[in-house]
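**Q** Next comes the sequence, and after it the predicted model I'd like to discuss.
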Amino acid sequence: MVQEFARWYDSTHENFTGGIISALPCHLTRSGIPGARLLDAPEHSHVQGSPNNEGYDLICIHPDPMRQSGKHVRIQAKSRYATDCDRSFPVKERTFRAFDFLVAVFLNVGQFFRPGGAGERSDPEFYTLPLDFIRQHHNKTSSWEEVQLRGLPVEEYRNERGFELIAKELEIPYPSRDRSDA
């Protein structure tokens, strides 16, 4: 899932300055400093959340190492392979205190639940959902304790607009060209 995220984001952004290990979300490297370090990647050899940190998978920090705000954003990631999934994902209420955002990734690799199989692939979709949204739409009466996105107004959280919520939380400005050297 994270590798899909990196490939997608890399293909849509010119200013990508590092791999998924040095930046997640990738646009958090806006200052040009490879940053937004992933603190949970063991040995920085592959991306995997620590099993002892239940409730979040990633930690994002400001990419500028000179900025000593200490602010960080904890992200829980959920993914679904099927294009025809019901647009829901499980999330336990007891984990709410452990993350700030949940990134729901719909990989859309094909039809799994309809007869005929693997057709109708489409681009992955990412929804960066704030904790307040998760609390508001969480169904704790379900045995899965799930959040159902189908039918909800979630366009403001989709792809880059959603990733911008993380950048805003970390006070990372959108990249712009310095006109003084033009």
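**A** Alright, I've got the coordinates. Just so it is clear, the model here is predicted, and its values are computed rather than measured.

**Q** measure P124 to V109 for me?
**A** 9 Å (Cβ to Cβ, to the nearest Å). For glycine as for every other residue, the C-beta is placed from the backbone atoms N, C-alpha and C.

**Q** Mind listing the strands the host helix or strand of V73 pairs with, and their directions?
**A** Taking DSSP states H and E as the criterion, V73 maps to strand 72-80. Using DSSP bridges, strand 72-80 pairs in its sheet with strand 58-61 (antiparallel), strand 101-106 (parallel).

**Q** Only C-alpha atoms, please: export stretch 125-133 in CSV.
**A** C-alpha atoms of stretch 125-133 as CSV (Å, rounded to 0.1, in the frame of the first residue of the first chain):
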residue,chain,number,x,y,z
GLU,A,125,-7.6,6.8,-4.4
PHE,A,126,-6.4,8.2,-1.1
TYR,A,127,-8.6,9.8,1.5
THR,A,128,-6.8,11.6,4.4
LEU,A,129,-9.4,11.7,7.1
PRO,A,130,-9.0,13.7,10.3
LEU,A,131,-9.8,12.0,13.6
ASP,A,132,-13.0,14.2,14.0
PHE,A,133,-14.3,12.8,10.8
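
**Q** buried residues in it?
**A** By 16 or more other Cβ atoms under 10 Å, the buried positions in stretch 125-133 come out as 125-131, 133.

**Q** and the two most separated of the residues you listed?
**A** Within the buried residues of stretch 125-133, two members stand farthest from each other by Cβ to Cβ: E125 and L131, at 20.1 Å.

**Q** quick revisit: I'd like to know which of the buried residues of stretch 125-133 are part of helices.
**A** In this view, the buried residues of stretch 125-133 that belong to helices under DSSP state H are 131, 133.

**Q** Output the buried residues of stretch 125-133 in a markdown table; the columns should cover distance to F113 and pLDDT.
**A** Output for the buried residues of stretch 125-133, formatted as a markdown table (distance: Cβ to Cβ, whole Å; pLDDT from 0 to 100):
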| residue | distance to F113 | pLDDT |
| --- | --- | --- |
| E125 | 17 | 93 |
| F126 | 22 | 97 |
| Y127 | 20 | 97 |
| T128 | 26 | 98 |
| L129 | 23 | 98 |
| P130 | 29 | 98 |
| L131 | 30 | 97 |
| F133 | 26 | 98 |
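
**Q** anything in contact with each of P124 and V109?
**A** The contact sets of P124 and V109 do not overlap (Cβ atoms under 8 Å, 6 or more residues apart in numbering).

**Q** wouldn't V109 be in contact with R121 here?
**A** Yes: between V109 and R121 there is a contact at 5.9 Å, judged by Cβ atoms under 8 Å.

**Q** Kindly provide the distance from D178 to E164.
**A** 21 Å.

**Q** More neighbours: which of the two?
**A** The neighbour comparison of D178 against E164 (other Cβ atoms under 10 Å) goes to E164, with 17 against 6.

**Q** That concludes my questions; thank you for your assistance.
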